[in-house]
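Q: fold the following for me, if possible:
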Amino acid sequence: MKNIKKILAAAAAAMTVASFGTLNAFAAKKNYSFSVTTSQNSGVAFSAGNAKSDDEQTAYIVTQKGNIGSGDSFWMCSCSSANVSNRVTNWKKITSNSATYTVDYFTWRGKNTTNYLCADTDKYQVSVEGYWYS
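A: Numbers count the residues shown, from 1 in each chain. Here you go, the predicted structure:
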C-alpha cells in the first residue's frame, strides 16, 4: 500500500512538472486597432510586432468591433515586417465586426519570429479593433 501511494505521488508530481512546459505552447495574443482610409498610406496600416510563441503555421485574427460594412473591400494578412512586400500569409477578406479568421503561413514562421498584422482597405474608411495570435 505504501508503494502505491509513493507511485501515485510521484506520478502526480511528474504530471504537474510536465504541465509547466505546456504553458508556453499557446500563441501570443496581441491587441490591434486600425482606422484605415484610402487617402492615407494607400489604405494600409500595420500593428505592432507580435513575436510567435509557438511553431504553429496558422495565425488567428479576431475582430471585436468596428464599422465594417458589406460593401467594404477590407483585407488583413501577416507580414514579417511593416512592409506589404514582406507578406507571409495570403490576404484574408474581413467581412464582420465580430468574427474569427484563420490565415495559414506560406513562409515558415517559427517560435520567436516577429510578425505584423496588416490591414488594407480598397474602398471607404474602415475602423476595426480586436486581437490576433501570430
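Q: burial of Phe106, as a residue count?
A: Residues near Phe106, counting by other CB atoms under 10 Å, number 11. All C-beta atoms are positioned from the backbone trio N, CA, C, and that covers glycine.
Q: verify the stated contact: it with Ser80.
A: No: contact between Phe106 and Ser80 fails when scored by CB atoms under 8 Å: they sit 11.5 Å apart.
Q: hey, what's in contact with both of the two?
A: Jointly contacting Phe106 and Ser80 under the rule CB atoms under 8 Å, 6 or more residues apart in numbering are Val88.
Q: separation between Ser47 and Ser70?
A: Note on Ser47: its distance to Ser70, by CB to CB, to the nearest Å, is 25 Å.
Q: same check, this time on Tyr116
A: The spacing between Tyr116 and Ser70, counted by CB to CB, is 27 Å.
Q: those two: which is more packed in?
A: Applying other CB under 10 Å to Tyr116 and Ser70 shows that Tyr116 carries more neighbours, namely 23 against 6.
Q: and the helix or strand hosting the more buried one, what other elements does it pack with?
A: Taking DSSP states H and E as the definition, Tyr116 sits inside strand 114-121. On a contact count with 3 or more CB pairs under 8 Å, 6 or more residues apart in numbering; DSSP states H and E, strand 114-121 meets strand 29-36, strand 44-46, strand 50-51, strand 58-66, strand 74-79, strand 126-133.
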